[in-house]
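S.K.: Structure for the following, please:
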Amino acid sequence: MTQSSSTVGAAAGYRPAATLPFAAEFRRQASRRRTQLALGFMVLLPLIVLVAFQFDSGNDDDGGGGEFSSLADLATSGGLNFTLFCLLVSASFLLVVVVALFCGDTVASEASWGSLRYLLAVPVPRARLLAVKLLVALAYSGLALLLLAGTALLAGTLRYGWEPLRSQVSAQLDPAEGLLRLAAVLGYLAVVLLAVAGLAFLLSVVTDAALGAVGGAVLLWILSSILDQITALGGIRAFLPTHYANAWLGLLSTPVQTDDLVRGCISAIAYATLFWSLAFWRFTRKDVTS
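M.R.: Predicted structure coming up:
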């Protein structure tokens, strides 16, 4: 019987594509404490914000302002606005940390525990192992985003009602259209966070320290955000991965501003593809000893 070169010498019935199933890895990651805590905090955050609003004395200062002030002022005007406010306060840091945690911890933690070489000895092909771990990390990152938005929408609607979406940069939107805009915001945030996922995953492959991979991705993202505020850099800022991170605000305007949204999607996908390609290239050539 003729065998392919990839299975010569393999045990009878061995199929590389059947090793390390997605469902098995998903359940394995679900049992980890960091997964449970991260997802639990996504549910808890909107409830904390909701309780915090109950202590509002109504004597807010007028000096805050800023481009997000309208969302903050209208956060208690309905469940949709409350959800947008929760996304506002979490998008620039908390969601970055959560995505970096899921994607940066996935390979580096196996190496730090000394179990990575045993996974490869099953044997699981390196490219498959990396692909499954990446897909599981992305699945949990998406789940975290949905839990945050879903909990905020449910809690906000129960507390403030199912009201139209209001903003100082758009006409009042009825709840149905507002919900569609909210879904679009979530979709754009998911795409932007792919760049974080790619960077964290790359660092997870090149280091055996999970904390270094997660922390490195977050610090580099913060550095990019700081550089983006330096106007002296001019057009160079457009090439930073964080430059279009807040372009989702264009989805709240009337009419919708799509130029920066398209540029942001292209930038995030390009960075993610580059980082993931480097991660696969490095891992398939890496001498795994841990």
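
S.K.: Now do the contacts for residue 164.
M.R.: 78, 80, 172-175, 178 (CB atoms under 8 Å, 6 or more residues apart in numbering). Heads up, the C-betas are built off the backbone N, CA and C, glycines and all.

S.K.: Give me the subset of these lying in helices.
M.R.: 80, 175, 178 (DSSP state H).

S.K.: how deep is residue 225 tucked in, by neighbour count?
M.R.: For residue 225, the count of nearby residues is 18 (other CB atoms under 10 Å).

S.K.: show me what contacts it?
M.R.: Contact analysis of residue 225 by CB under 8 Å, 6+ apart lists 92, 242, 245.

S.K.: what secondary structure does it sit in?
M.R.: helix (DSSP: H, G, I helix; E, B strand; the rest coil).

S.K.: could you dump the ones in helices among the contacts of residue 164 to JSON lines with distance to residue 216?
M.R.: Shown next, in JSON lines, are the ones in helices among the contacts of residue 164 (distance: CB to CB, whole Å):
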{"residue": "80", "distance to residue 216": "36"}
{"residue": "175", "distance to residue 216": "42"}
{"residue": "178", "distance to residue 216": "38"}
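
S.K.: And the contacts of residue 225, which is closest to residue 30?
M.R.: residue 92 (27.4 Å; CB to CB).

S.K.: Quick one: neighbours of that closest one, just the number.
M.R.: Using other CB under 10 Å, residue 92 is surrounded by 15 other residues.

S.K.: Assess the claim that it and residue 226 are in contact.
M.R.: No - counting by CB atoms under 8 Å, residue 92 sits too far from residue 226 to count as a contact (11.9 Å).

S.K.: before we move on, back to that, of the contacts of residue 164, keep whichever come out buried.
M.R.: 78, 80, 173, 175, 178 (16 or more other CB atoms under 10 Å).

S.K.: quick one: which of these is nearest residue 140?
M.R.: Set against residue 140, the nearest of the buried ones among the contacts of residue 164 by CB to CB is residue 80 (25.6 Å).
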